[in-house]
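S.K.: next comes the sequence, and after it the predicted model I'd like to discuss.
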Amino acid sequence: MHAKLSIEDEREAPEAAPRLVYTQAPVLLGKLLEPAEGGRWRVDLGAVQRDLAVDESVDPALLDEAHAAGARVLVDAAGEPTIVGVVATRRALTVDPEGRVEHSVRSLKVTAEEEVLLRVPGAFVRAKAREIEVYGDRVLTRARTLAKVLAAMIKLN
């Protein structure tokens, strides 16, 4: 047996929520044209160019790289259009669930303004100012044919 709704029940029943219909996709792709004032970027959205704000979660250096490479940006247009990310166009170094980074490359160049430090428990290699420091319980240097130490002065402890 099915219960019937009375007219009073129908009046008390909540109305269905209005259906949301987008006239424009809430996420757009754009191309960065140039930096604009106030941390904004001029973005080509196809039919229109606009100066858009950048979401605080987006690294500004990422936008500089995207601009240089011509990569597309993601724009959230659900409210005031805002840049919320960059479309990846190249592979990135990733950290696996065990915390390892493994990648094969032809060449690796790291440039640092102040210091480069490679550290494992009990040992490290540090490059700072005009100095290289190697520390560990054992420091091993191997050469197949010749090992050279060139300096104006050499001090052995």
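M.R.: In hand now; what should we look at?
S.K.: could you point out the longest strand of the protein?
M.R.: strand 27-35 (DSSP state E).
S.K.: that strand - contacts with which helices or strands?
M.R.: For strand 27-35, the elements it packs on are strand 41-44, helix 60-69, strand 72-76, judged by 3 or more CB pairs under 8 Å, 6 or more residues apart in numbering; DSSP states H and E. (Glycine included, C-beta is placed from N, CA and C.)
S.K.: quick one, which of those is nearest to Leu52?
M.R.: Nearest of these to Leu52, taken as CB to CB: strand 41-44 at 5.0 Å.
S.K.: who's in contact with stretch 127-137?
M.R.: If you take CB atoms under 8 Å, 6 or more residues apart in numbering as the criterion, stretch 127-137 is touched by Ala112, Glu114, Glu115, Val116, Leu117, Gly122, Ala123, Phe124, Val125, Arg126.
S.K.: what score does Thr94 have for pLDDT?
M.R.: In this model, Thr94 is scored at 81, pLDDT.
S.K.: over to Val120: give its phi and psi.
M.R.: Main-chain torsions, Val120, degrees, to the nearest 10: phi -130, psi 160.
S.K.: let me see the contact set for Leu33.
M.R.: If you count contacts by CB under 8 Å, 6+ apart, Leu33 has them with Trp41, Arg42, Val43, Asp44, Gln49.
S.K.: gap between it and Arg50?
M.R.: Leu33 sits at a distance of 10 Å from Arg50 (criterion: CB to CB, to the nearest Å).
S.K.: so what sits against both of these two?
M.R.: By CB under 8 Å, 6+ apart, Leu33 and Arg50 have these common neighbours: Arg42, Val43.
S.K.: quick one on the thing from earlier: need the buried ones from the contacts of Leu33 selected in PyMOL.
M.R.: The PyMOL command for the buried members of those (criterion: 16 or more other CB atoms under 10 Å) is given here:
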select buried, resi 41+42+43
